[in-house]
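In: requesting a structural model of the entry that follows:
(one chain, ligands or ions: 2)
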Amino acid sequence: MADYLRIATEEAYAPAELLERYAELLRKQPGVDPGFDSLWGFFLGKSERAQRLAARIQDLGEGRIRDMDEAGIAKQVLALTAPGVQVFDAPTATSLARSFNDQLAEAIGRHPERFAGLAAIAPQDPGGAARELERGVRSLGLKGAIVNAHTHGEYLDDQKFWEIFEAAEALDVPIYLHPTTPPPAMIGPFLKRGLDGAIYGFAVDTGLHMLRIIISGALDRFPRLRIVVGHLGEGIPYWLFRVDYMHWSMSASGRYPDVPRLRKKPSEYLRENFHVTTSGMAWEPAIMFAISVLGIDCVMYAMDYPYQYVPDEVKVYDSLPLGAADLKKFYQANAERVFAL
Ligand code: 1DF
Ligand code: MN
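Out: Ligands and ions are numbered 1, 2, ... in the order given. As a prediction, the model looks like this:
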């Protein structure tokens, strides 16, 4: 018997009401957000993959637990699926976040050994989002916030969102920065060859988002902020050497008015403020690379259920070339620490 529990840390759910609202958005404003149309036009469609997905993603009970048992997963950290409530207007998004968080807390209350969860927030109203995060953590027992990428094309490095960072830091909880499709201003060249979604566009947009946060100086202002990203860091660990070099070069030259001097190198913020999960990346070379760059304390397991439900994928992780103590950190102890489970 292994002496660890497998905790999966980027696991999606969607209440029926969210899917209905997505269907309504697809009908009422097609073309406004081509990424949303591409993603949810597919997952609310008639294909077999879409139908299976729609059933699984709504289930916060026995069906999900059966799948977890099948795959050897002890606990899921649940989060509202992408793009969450971030595609709606501010009042709608704020009230949906509140109601979904209440429902999520109830589902966790029914299965506290199997589920933990993150609070959905609506960055469209930054003050309201900060307050909802606080309510989610203090009153509902949620473990941090999920932010599903940009909000109407705006990124968290914009100071108008920093109340959210301030709240997360004060509450000592992480923000999970999860991808979605690139915004209208970026997505054009991705669409023709189907590269806008989880295959690549997600990582391009979220990697950009990570770098914007780092380079903005937000982490000098909030040095204890913890940000979790999936997909082994959305490509950024692989780029770090060049990012450090070029950041030094551009910030020393004063070439960009909105690139401040930072206290540290970009790579240091990545190591000190970020944790990465393996969602959808059951691939030993990439996992070992991420561990070698970030350290074993900053890399943890995620499946990306139900989007990438591969029941025997844990075999790949179980046989990573890690000692027993490190494997336990990877599967269990890091998640327990980062999310205070
Ligand atoms: C997909 C993948 C969709 C992920 C997701 O949310 C998602 C997909 C709509 O396969 O299209 O969260 N993912 O995290 O990789
Ligand atoms: Mn995901």
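
In: residues of this protein that sit close to ligand 2?
Out: Residues of the chain lying near ligand 2 by C-beta under 5 Å from the ion: 10, 304. For every residue, glycine as well, the C-beta is placed using N, CA and C.

In: residue 110: neighbour count?
Out: Residues lying near residue 110 (other C-beta atoms under 10 Å) number 10.

In: measure residue 55 to residue 48 for me?
Out: Separation of residue 55 from residue 48 (C-beta to C-beta, to the nearest Å): 11 Å.

In: tell me which of these two has more neighbours.
Out: Neighbour count, other C-beta under 10 Å: between residue 55 and residue 48, residue 55 has more, with 11 against 7.

In: can you tell me the closest non-neighbouring residue to that one?
Out: Nearest non-adjacent residue to residue 55, counting by C-beta to C-beta, 6 or more residues apart in numbering: residue 63, 7.5 Å away.

In: let me know whether that neighbour touches residue 52 as I believe.
Out: No. Contact criterion C-beta atoms under 8 Å: residue 63 and residue 52 do not qualify, at 11.1 Å.

In: low-scoring stretches of the protein, by residue?
Out: Along the chain, segments meeting pLDDT under 70 span 1.

In: pull up the residues of it that are close to ligand 1.
Out: Contact residues (C-beta under 6 Å from any ligand atom) of the chain with ligand 1: 12, 39, 81-82, 179, 197-198, 230, 279-280, 304, 307.

In: of those residues, which belong to strands?
Out: Among the residues of the chain next to ligand 1, the members falling in strands (DSSP state E) are residue 12.

In: tabulate the residues of the chain next to ligand 1 (JSON lines), appending neighbour count.
Out: JSON lines is the format used below for those (neighbours: other C-beta atoms under 10 Å):
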{"residue": "12", "neighbour count": "23"}
{"residue": "39", "neighbour count": "22"}
{"residue": "81", "neighbour count": "26"}
{"residue": "82", "neighbour count": "26"}
{"residue": "179", "neighbour count": "25"}
{"residue": "197", "neighbour count": "21"}
{"residue": "198", "neighbour count": "18"}
{"residue": "230", "neighbour count": "23"}
{"residue": "279", "neighbour count": "26"}
{"residue": "280", "neighbour count": "20"}
{"residue": "304", "neighbour count": "24"}
{"residue": "307", "neighbour count": "20"}
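
In: for the stretch 101-250 of the chain, which segments count as strands?
Out: 115-117, 119-120, 145-147, 175-177, 227-229 (DSSP state E, counting those that start in this stretch).

In: with mean neighbour count added, can I get those in CSV?
Out: Formatted as CSV, the strands of the stretch 101-250 of the chain follow (neighbours: other C-beta under 10 Å):
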stretch, mean neighbour count
strand 115-117, 25
strand 119-120, 28
strand 145-147, 28
strand 175-177, 24
strand 227-229, 25
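
In: now tabulate the ones you listed in TSV and tack on distance to residue 192.
Out: Listed next are these as TSV, based on distance: least, C-beta to C-beta, whole Å:
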stretch	distance to residue 192
strand 115-117	37
strand 119-120	32
strand 145-147	29
strand 175-177	27
strand 227-229	27
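
In: identify the residues contacting the residue nearest the centre of the chain.
Out: The chain has residue 178 as the residue nearest its centroid, 2.4 Å off, counting by C-alpha atoms, centre = their mean. The contact partners of residue 178, by C-beta atoms under 8 Å, 6 or more residues apart in numbering, come to 10, 79, 82, 146-149, 206, 229-230.

In: spit out the contact partners of the nearest residue to it once chain neighbours are set aside.
Out: Nearest in space to residue 178, with sequence neighbours left out and distances taken as C-beta to C-beta, 6+ apart, is residue 148 at 5.0 Å. Residue 148 makes contact with 80-84, 86, 178-180 under the criterion C-beta under 8 Å, 6+ apart.

In: do residue 271 as well
Out: Applying C-beta under 8 Å, 6+ apart to residue 271 gives the contacts 293-295, 298.

In: pick out whichever of these sits closest to residue 127.
Out: Nearest to residue 127 out of the contacts of residue 271 is residue 298 (C-beta to C-beta; 30.7 Å).

In: please verify my assumption that the closest one contacts residue 330.
Out: No. Between residue 298 and residue 330 there is no contact under C-beta under 8 Å: 10.2 Å.

In: in CSV, list the C-alpha atoms belonging to the biggest helix by length in the chain.
Out: If you go by DSSP state H, the chain has its longest helix at helix 90-110. Provided in CSV are the C-alpha atoms of helix 90-110 (Å, rounded to 0.1, in the frame of the first residue of the first chain):
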residue,chain,number,x,y,z
ALA,A,90,-21.0,42.4,-13.1
PRO,A,91,-24.2,42.1,-11.2
THR,A,92,-25.1,38.7,-12.8
ALA,A,93,-21.6,37.4,-12.2
THR,A,94,-21.5,38.5,-8.6
SER,A,95,-24.9,37.0,-7.7
LEU,A,96,-24.1,33.7,-9.5
ALA,A,97,-20.7,33.4,-7.8
ARG,A,98,-22.4,33.7,-4.4
SER,A,99,-25.1,31.1,-5.2
PHE,A,100,-22.6,28.7,-6.7
ASN,A,101,-20.3,29.0,-3.7
ASP,A,102,-23.2,28.2,-1.4
GLN,A,103,-24.1,25.1,-3.4
LEU,A,104,-20.4,24.0,-3.6
ALA,A,105,-20.1,24.3,0.2
GLU,A,106,-23.2,22.1,0.6
ALA,A,107,-21.8,19.5,-1.7
ILE,A,108,-18.5,19.5,0.2
GLY,A,109,-20.5,19.2,3.4
ARG,A,110,-22.0,16.0,2.2
